[in-house]
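Visitor: take this sequence and fold it.
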Amino acid sequence: MKLNFNDFNKIIKRLCLLIFLLVLSPITLNIAFKAINLHKNNYPDKYFAYALLFIAALLLVYTIYFAIKYFKDLLKVLFDNF
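Guide: Numbers count the residues shown, from 1 in each chain. Sure thing, here's the model as predicted:
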């Protein structure tokens, strides 16, 4: 029942990255929607706002994927020792 601390340290680092992504993703999405709302008729800035919205959507999808992968690895580290 001994934990491998190298794996545990890797899990802690991934947890920090996941928390960062969980904060960054909604903030980016909020900024993108505000930019779209602000630049309704200004076409050059409107394309930048939609590009930011696309980046925010990709970031949200990656955050969900990374969270699922993180919890799978966490459970593997915690319960493979038995």
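Visitor: check residue 31 and give its pLDDT.
Guide: You'll see residue 31 listed with a pLDDT of 94.
Visitor: okay, now it: neighbour count?
Guide: 14 (other CB atoms under 10 Å). Every C-beta, even on glycine, is put in place using the N, C-alpha and C of the backbone.
Visitor: in what helix or strand does it lie?
Guide: Assigned by DSSP states H and E, residue 31 belongs to helix 5-38.
Visitor: same thing with residue 50?
Guide: Using DSSP H and E, residue 50 falls in helix 43-79.
Visitor: ok and that helix relative to helix 5-38, angle-wise?
Guide: 160 degrees (axes from the mean of the first three to the mean of the last three CA atoms, to 10 degrees).
Visitor: check the offset of helix 43-79 from the chain's centre.
Guide: Taking the mean of its C-alpha atoms, helix 43-79 sits 4 Å from the chain's own mean (CA atoms, centre = their mean, to the nearest Å).
Visitor: buried set for it?
Guide: Within helix 43-79, the residues that count as buried by 16 or more other CB atoms under 10 Å are 49, 52-53, 56, 59-60, 63, 70, 74, 77.
Visitor: closest one to residue 33 out of the residues you listed, please.
Guide: residue 53 (7.2 Å; CB to CB).
Visitor: list the contacts of that closest one.
Guide: 29, 32-33, 36 (CB atoms under 8 Å, 6 or more residues apart in numbering).
Visitor: most neighbours among those residues, which one?
Guide: Neighbour-wise, those (other CB under 10 Å) top out at residue 32, 20 neighbours.
Visitor: these two touch, right, it and residue 49?
Guide: Yes - under the criterion of CB atoms under 8 Å, residue 32 makes contact with residue 49 at 6.2 Å.
Visitor: and residue 55, how far from residue 29?
Guide: 9 Å (CB to CB, to the nearest Å).
Visitor: residue 21 now?
Guide: 12 Å.
Visitor: which stretches of the protein have low pLDDT?
Guide: 1-3, 81-82 (pLDDT under 70).
Visitor: go again using 80 as the cut-off
Guide: Applying pLDDT under 80 to the chain flags residues 1-5, 41-45, 80-82.
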